[in-house]
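Undergrad: Build me a structure from this.
(chains A, B, C and D)
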Number of protein chains: 2
Amino acid sequence: MAHFNEEVACPMTATLEYIGGRWKCIILYYLTGTTRRFGEIAARIPVVSRKVLTQQLKEMERDGLIQRTEYKEVPPRVEYTLTELGKSLSPVLKAMSNWGREHVLK
Amino acid sequence: MAHFNEEVACPMTATLEYIGGRWKCIILYYLTGTTRRFGEIAARIPVVSRKVLTQQLKEMERDGLIQRTEYKEVPPRVEYTLTELGKSLSPVLKAMSNWGREHVLK
DNA sequence: AAAAGTGGTAACTAAAAAGTAACTAATGGC
DNA sequence: GCCATTAGTTACTTTTTAGTTACCACTTTT
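TA: Numbers count the residues shown, from 1 in each chain, chains lettered A, B, ... in the order given. Sure, this is the predicted structure:
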């Protein structure tokens, strides 16, 4: 996903620059209220490869939506949490999951 | 975008099956409260080719989010409107645009 | 008489995204 | 001594997505 490559005046486009990635909303939704390890997130979305998952996580970390904490252990342990900016997306994520529950899943 | 190819229990995934496409939210947002011609939509999102725009519109029509009305004139005229299901997405679209306005655009 | 205007579609090419397999480091358990 | 464990990374291949160009129909305008 191209990113910030041109100034946007459209608030919808602006939001999509952050959460438009294929798996980002699912990851953010899964992180809501908790800290998760990389392996937990990967297990939650088995359909996506670890390479792509890593990419999406990196982009969201770069964008300030999530925080990555690496513990210097072996085997490695890495935890992901929402930042304040990430938490501020909760109305969006809630509206999305509500809509799916009410209009798709019966 | 693969579609309905497996049952989803996750409401977020369910929603993304409908609006996860690259331009769908922008199109739906642009259709909110009005009817638009194909050319208007294309002019609004000049960065996307007409081929891709047509694809996204077709998918959303198939999914029942928008309605396509073709007038038998020459030159052709085609209008797009939100269906009831499409209108029901307004809390999602509003939450998204609000977030962009408040957290990205200053 | 020719050109413009609209909403596409089809065929082909280019670019972007994603998948896959192999590899790493240090510790604990067998 | 050897294997499993975790969170990746790298290089390479395949798949998916998107762009490009040409074309159509019929009426109105130039």
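Undergrad: Any idea what residue A:70 is bridged to?
TA: In this entry, residue A:70 is beta-bridged to residue A:78, by DSSP bridges.
Undergrad: Test my guess that it contacts residue A:61.
TA: No - if you go by Cβ atoms under 8 Å, residue A:70 and residue A:61 don't touch, sitting 11.2 Å apart. Every C-beta, even on glycine, is put in place using the N, C-alpha and C of the backbone.
Undergrad: tell me, how many neighbours does residue A:17 end up with?
TA: Residue A:17 is flanked by 18 other residues according to other Cβ atoms under 10 Å in any protein chain shown.
Undergrad: again with residue A:73
TA: 8.
Undergrad: the more surrounded of residue A:70 and residue A:61?
TA: residue A:61 (15 against 10).
Undergrad: which residues sit against the helix or strand hosting residue A:28?
TA: In the assignment (DSSP states H and E), residue A:28 maps to helix A:24-31. Helix A:24-31 has contacts (Cβ atoms under 8 Å, 6 or more residues apart in numbering or on different chains) with A:18-19, A:36, A:41, A:44-45, A:53, A:56-57, A:59-60, A:65-66, A:80-82, A:86, A:89, A:93, A:96-97, B:10, B:12-13, B:16.
Undergrad: Recalculate using a threshold of 10 Å.
TA: A:1, A:18-19, A:21, A:23, A:36, A:40-41, A:44-45, A:48, A:53, A:56-57, A:59-60, A:63, A:65-67, A:80-82, A:86-87, A:89-90, A:92-94, A:96-97, B:10-13, B:15-16, B:19-20 (Cβ atoms under 10 Å, 6 or more residues apart in numbering or on different chains).
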